[in-house]
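> Have a look at this prediction, sequence included:
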Amino acid sequence: MDAVFWSRILTAETLSFHIIFATIGVGVPLFISLAEAWGIWKKDNHYIMLAKRWTRGFVITVAVGVVTGTCIGLMLSLLWPQFMQLAGNVISLPLFMETFAFFVEAIFLGIYLYTWDRFKNPWIHWASSVPIVIGSSMSAVFITIVNAFMNTPAGFRLENGKAVDIDPIAAMLNPATPSKVAHVLSSAYLTCGFLLASIAAYHILKGRNHVYYKKALRLTMITGFILAIATFAAGDLSGKFLAKYQPTKLAAAEWHFETTKQAPLVFGGVLNKETQEVKYGIKIPFALSILAGNSPNHEVKGLHDIPQDLWPPLYIHYLFDGMVAIGFYLLLISALFAIQWYRKKGNQWSPWLLRGIVLGAPLAFIAIQLGWIFAEVGRQPWIITGVLKVDKAATTADHVSSTTWAFSALFLALGILTCTVLYRLFRHNRAEQELAKRYGL
């Protein structure tokens with residue numbers, strides 16, 4: 001059990017660190033491509049400069065993402081050997097395809113980075129950004145497919161503890177894939193939109209009212225508003241998936257104990273574990289039934305109809321609440337900005353609105369963290385639902401604890417180094433100065 005505990009801690013720590021850079025790696029290329037395309041279309045060098053500066057920062061984060069992603073690949077084999085032995089043959093195709101997608105992204109990132117101003121037709125350079133967007137997004141898709149398989153395994157039959165009659169395509173197209181892929185991509189794009197918007201909003205708050213920052217904020221927040229709506233649609237799809245395929249996770253997330261129709265959705269509160277009563281929570285009538293089945297009369301399965309040894313930790317309720325609350329916040333802030341922009345007479349540069357945008361970036365990354373923890377912890381005690389439990393999949397090797405501390409030091413050093421490099425990269429090279437020097441703006 002000591003090895004299981006430390007294997008879980010080390011894996012969770014690595015994923016928590018990696019997912020920051022993985023999210024940036026998926027979302028930022030989309031905004032780079034949008035900025036350059038809009039700049040070429042409008043013949044506006046402010047947007048071209050946005051694409052250039054965002055690319056410089058993006059390259060740094062990609063390097064760190066590669067390192068931490070490699071660590072995760074090693075940990076799957078070293079810390080969870082029974083999982084890889086059982087699932088490796090079934091789900092190896094998307095793992096391979098993820099590597100191929102990364103190669104596409106890396107190759108075209110080099111081309112994109114070193115061919116600025118080398119083509120008479122600027123659309124040729126922009127075209128090299130498209131494979132980067134596709135490669136980064138597909139990399140996330142293939143890894144998400146692996147995680148989806150762990151939630152709803154398909155494409156094989158278990159015989160004497162071994163996977164037989166393997167169908168890798170069926171494994172990839174398991175029931176969890178559509179909702180998980182949609183949610184991962186939309187939330188990554190949304191988070192990066194707020195990350196880039198918060199940088200622009202911060203500079204405007206500091207009195208740097210150059211039009212460059214205002215254009216950056218408009219581009220990221222208007223796009224962010226669209227992505228916030230898409231993320232909520234993906235979240236709704238995920239809720240219906242949980243109700244059908246993982247009712248235990250949904251019931252635990254909502255502290256829903258009795259199978260019933262017209263089930264309320266509980267937000268917040270404190271659970272009395274003995275009486276299973278919720279105090280101080282906000283109950284929204286019929287909302288859980290509507291989320292699960294688009295009808296207030298939809299029956300939602302309760303935890304009392306599930307063996308208690310298969311219940312996930314009930315604290316996932318707070319993870320779910322936090323994720324949803326932050327999602328509403330991001331939708332509200334982006335909607336307010338979009339309304340002010342559309343009205344023309346509104347104050348898009350209100351200090352309170354700008355502060356809300358700046359706050360949105362760290363909150364978005366917190367939501368990403370809450371989301372993946374909810375997805376993994378909500379599946380407990382299974383590592384592959386209904387097939388293999390976590391305590392049967394982990395290594396039995398000694399000294400996993402010392403390895404955990406060593407990786408903790410590595411991640412701390414990487415985090416400090418990354419922040420330092422990014423800070424120094426832009427500290428003495430302001431956008432206003434670069435625009436004046438290169439374009440005379």
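Everything's here; your move. Numbers count the residues shown, from 1 in each chain.

> can you map out the strands along the stretch 301-441 of the chain?
In the stretch 301-441 of the chain, the segments counted as strands under DSSP state E, counting those that start in this stretch are 382-384, 388-389.

> right, so those: which one is the most enclosed?
Ranked by mean neighbour count, those are led by strand 382-384 with a mean of 21 (mean count of other Cβ atoms under 10 Å). Yep, even glycine has a C-beta here, placed from its N, CA and C like the rest.

> Hmm, residue 226 and residue 331 touching each other?
No - in terms of Cβ atoms under 8 Å, residue 331 does not count as a neighbour of residue 226; the distance is 10.7 Å.

> These two: which is more packed in?
residue 331 (18 against 15; other Cβ atoms under 10 Å).

> Could you pick out the longest helix of the protein?
helix 2-42 (DSSP state H).

> What is the subsequent helix or strand relative to it?
Next helix or strand after helix 2-42 toward the C-terminus (DSSP states H and E): helix 45-79.

> Quick check: the residue nearest to residue 173 when sequence neighbours are not counted vs residue 166, distance?
Nearest in space to residue 173, with sequence neighbours left out and distances taken as Cβ to Cβ, 6 or more residues apart in numbering, is residue 154 at 7.6 Å. According to Cβ to Cβ, to the nearest Å, residue 154 and residue 166 sit 11 Å apart.

> now the helices: where do they sit in the stretch 201-350 of the chain?
211-245, 247-253, 287-293, 316-343 (DSSP state H, counting those that start in this stretch).

> Identify the residues contacting the second one?
Applying Cβ atoms under 8 Å, 6 or more residues apart in numbering, the set of residues contacting helix 247-253 from outside is 239, 242-243, 256-257, 292, 300-303, 306, 310-314, 316-317, 319-320, 374, 378-379.

> Would you mind checking these for buried ones?
By neighbour count, with 16 or more other Cβ atoms under 10 Å, the contacts of helix 247-253 hold 239, 242-243, 256-257, 292, 300-303, 306, 312, 316-317, 319-320, 374, 378-379 as buried.

> Low-confidence ranges, this structure, go.
1, 345-346, 440-441 (pLDDT under 70).

> redo that, cut-off 80
By pLDDT under 80, the weakly predicted segments of the chain are 1, 73, 160-161, 273-274, 343-348, 397-398, 428, 431-441.

> secondary structure class for the residue nearest to residue 173?
Recorded secondary structure, residue 154: coil (DSSP: H, G, I helix; E, B strand; the rest coil).

> who touches it in this structure?
Here residue 154 is in contact with 170, 171, 173, 174, 175 (Cβ under 8 Å, 6+ apart).

> Look up how far residue 317 lies from residue 378.
Counting by Cβ to Cβ - residue 378 and residue 317 are separated by 10 Å.

> One more: residue 369?
Separation of residue 369 from residue 317 (Cβ to Cβ): 16 Å.

> got it, and residue 388?
Distance from residue 388 to residue 317, counting by Cβ to Cβ: 26 Å.

> again, but for residue 137
31 Å.

> same question, residue 36
Separation of residue 36 from residue 317 (Cβ to Cβ) stands at 43 Å.
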